[in-house]
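Return a 3D structure for these sequence lines:
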Amino acid sequence: MTVTGNQESSPVLQGSEGLDDVDRGILRMLQEDGRVPYRQIARELGVSEGTIRIRLGRLQDSGVLNVVAIADPFRLGYRVLAFLLLRVEPGRQDHVVEALTGWQEATYVSSCIGRADIYVQLVCRDNDHLHELLHQRLPDIGGVREYETFMELKMHKVSYEYSPA
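This is a model prediction of the structure:
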């Protein structure tokens, strides 16, 4: 990549091929601490603060990076973290996914292959809240053939750090 004045010319990001050492450094530092100042990133990577600002904007615009605050659900008063593996009726996948992504309690929803069609992570206030979701709201969606529920007892590691492939 070249830097000319305040403008920077760069290729469209496509996987890790569009990332250079500066981009990787920005990602590494922000994954360690999403609040690290641009000035500190620039100093450690040996580039200008303006370059960091431009690069970070490009990483965000391309969808490679999204800086967010991650709250601990247990410290917010939620007592139950559950995981669902769902099998759905043929042709109902999109309908079920759309319904589940609308649930405030669903913090992660993904389509799968294997023994489950959909994986869902839920945060619930307590067991009664989980019971309501499983036995009242889930059947109302329609299209769910069966499901398996797992409850998390204790978190041992939570990481959102990914090295570019």
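
pretty sure Y38 contacts L56?
Yes: assessed by CB atoms under 8 Å, Y38 is found in contact with L56 at 7.4 Å. Where C-beta positions appear, they are placed from N, C-alpha and C, glycine not excepted.

hey, where'd the helices end up in the protein?
For the chain, the helices defined by DSSP state H cover 21-32, 38-45, 49-61, 93-101, 127-132, 138-141.

So which of the ones you listed is nearest Y162?
Closest approach to Y162 among the helices of the chain is made by helix 21-32 (7.4 Å; CB to CB).

Please work out the average pLDDT along the closest one.
Helix 21-32 comes out with an average pLDDT of 93.

for it, the distance to its chain's centre please.
Centroid separation between helix 21-32 and its chain, computed with CA atoms, centre = their mean, to the nearest Å, is 17 Å.

And for that helix, what's in contact with it?
Here helix 21-32 makes contact (CB atoms under 8 Å, 6 or more residues apart in numbering) with 1, 19, 36, 40-41, 44-45, 47, 51-52, 55-56, 59, 64-65, 67, 160-164.

Filter those down to the buried ones, ChimeraX style.
In ChimeraX, a selection of the buried entries from the contacts of helix 21-32 looks like this (16 or more other CB atoms under 10 Å):
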select :19,41,45,47,51,52,55,56,59,64,65
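
helices and strands of this structure: which one has the lowest mean pLDDT?
The helix or strand of the chain with the poorest confidence is strand 2-4; it has a mean of 25 (mean pLDDT, DSSP states H and E).

got any ranges where this structure has weak pLDDT?
Along the chain, the model assigns pLDDT under 70 to residues 1-17.
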